[in-house]
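>>> show me the folded form of this:
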Amino acid sequence: MYTSNRPIAEAVEKKKALVAAHRGTCGGNIVWNTSLSYKNALLHGADMIEIDVSMTRDGVFFAFHNTEEEQEFGRKCDIREMTSREVEEINILNTIRHTSGQRVERLEKVLPQFKGKCLINIDRSWFYWEKVIAFLKSMDMDDQILLKCGVDENYLQQLADSRSGLMYMPIVRSMEEWETVTKYDVNVSAAELIFKSVDEPLADREFLADLGKQGIFPWVNAITLNDREILSGGLDDNGAIGEGFDENWGELLDMGFKIIQTDWPALLRNYINQKYHL
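Model prediction:
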């Protein structure tokens with residue numbers, strides 16, 4: 001394991017903490033994982049956009065979260081079993097389930113629009129890492145890309161074997177998983193930590209501080225996915241809006257998290273700016 005995190009380090013030094021926009025910022029007729037949603041996120045003060053990646057059966061990468069086909073396409077299917085032509089023919093649904101006039105976009109068309117503009121977290125691409133890593137390297141955006149996956153030794157080995165040097169962030173759910181990550185020669189620049197309680201070891205302030213000393217930036221998901229999954233010990237977006245920013249986002253910042261993923265980047269960026277007098 002090694003760390004080469006200059007782009008993230010420089011951004012954190014300037015902004016104190018980074019705001020990552022979950023699938024961009026959507027609403028109304030702006031659909032998540034589209035160029036419009038990513039541009040909207042940056043207008044709302046996000047420092048980083050999250051892009052989900054799916055590959056069709058003919059080898060084309062799209063900005064799309066597989067498993068969301070029924071919600072966006074209006075029918076049950078799997079984008080990974082479709083052709084690129086079939087995907088591009090679909091008029092995707094917006095947030096109120098009306099056709100939006102938009103199409104799922106090829107990753108090769110999306111990424112150049114954000115070259116030099118923000119950090120980019122690439123999610124859900126691990127199903128086809130050998131191909132996607134080569135594709136990302138061809139885009140010449142290494143100083144913006146933060147690749148992530150769950151702690152799976154097969155994926156970690158593929159990343160190590162690629163010798164790509166891409167900034168990497170494991171999705172860690174236990175200390176045992178973190179120990180697994182440290183065994184691989186990959187560029188760990190951040191760590192996405194999932195914890196149900198703030199009393200868990202992954203949320204321990206000393207552990208977070210130790211990551212920082214190693215040049216690894218702790219990432220936390222403040223997003224509220226639903227009423228079942230707990231990603232950040234109960235300190236989340238819904239709590240921030242319903243109960244108070246200090247009691248939720250503020251607590252996460254005080255614990256030592258340097259990157260917070262949210263669905264409400266403008267609110268979080270304004271809060272961080274006020275908290276640190278930026």
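>>> now do stretch 142-153: distance from first to last residue.
This stretch, stretch 142-153, spans 23 Å end to end (C-alpha to C-alpha, to the nearest Å).
>>> residues making contact with that stretch?
6-8, 48, 114-116, 118-123, 125-126, 129, 133, 136, 139, 155-156, 159, 165-173, 177-178, 180-181, 189-190, 192 (C-beta atoms under 8 Å, 6 or more residues apart in numbering). Just so you know, the C-beta spots here come from the backbone N, C-alpha and C atoms, and that holds for glycine as well.
>>> so which residue is dead centre in this protein?
Central residue of the chain (C-alpha atoms, centre = their mean): residue 50, 3.9 Å from the mean position.
>>> what helix or strand is it on?
When elements are defined using DSSP states H and E, residue 50 is found to belong to strand 48-55.
>>> next, the buried residues of the next helix or strand after that strand.
Per DSSP H and E, strand 48-55 leads on to strand 61-63 as the next helix or strand towards the C-terminus. By 16 or more other C-beta atoms under 10 Å, the buried positions in strand 61-63 come out as 61, 62, 63.
>>> quick one: which of those is nearest residue 29?
Lowest distance from residue 29 to those (C-beta to C-beta) belongs to residue 63, with 17.1 Å.
>>> next one, pLDDT for the closest one please.
Predicted confidence (pLDDT) for residue 63: 98.
>>> my guess is it meets residue 33, correct?
Yes. Using C-beta atoms under 8 Å, residue 63 is in contact with residue 33, at 4.8 Å.
>>> give me the low-pLDDT residue ranges for this structure?
Scanning the chain for pLDDT under 70 picks out 2-3.
>>> which helices and strands does the helix or strand containing residue 109 pack with?
Using DSSP H and E, residue 109 falls within helix 107-110. Using 3 or more C-beta pairs under 8 Å, 6 or more residues apart in numbering; DSSP states H and E, the elements in contact with helix 107-110 are helix 35-43, strand 48-55, strand 61-63.
>>> out of those, nearest to residue 20?
For the helices and strands packed on helix 107-110, distance to residue 20 was read as C-beta to C-beta. The smallest value, 4.2 Å, belongs to strand 48-55.
>>> hmm, back to that, just checking, which of the contacts of stretch 142-153 belong to strands?
Judged by DSSP state E, strands contain the following of those: 48, 119-123, 167-172, 190, 192.
>>> what residue, apart from its backbone neighbours, is nearest residue 165 spatially?
Of all residues not flanking residue 165 in the chain, residue 187 sits nearest, at 5.7 Å (C-beta to C-beta, 6 or more residues apart in numbering).
>>> sorry, back to before: will you turn the helices and strands packed on helix 107-110 into a markdown table that also has distance to residue 230?
Listed next are those as a markdown table, based on distance: least, C-beta to C-beta, whole Å:
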| stretch | distance to residue 230 |
| --- | --- |
| helix 35-43 | 24 |
| strand 48-55 | 19 |
| strand 61-63 | 27 |
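>>> out of those, the one nearest residue 79 is which?
The closest of these to residue 79 is strand 48-55. By C-beta to C-beta, the value is 4.8 Å.
>>> and the closest one, which strands flank it?
Using DSSP bridges, strand 48-55 pairs in its sheet with strand 18-21 (parallel), strand 61-63 (antiparallel), strand 119-123 (parallel).
>>> among the ones you listed, which is the most enclosed?
strand 18-21 (a mean of 28; mean count of other C-beta atoms under 10 Å).
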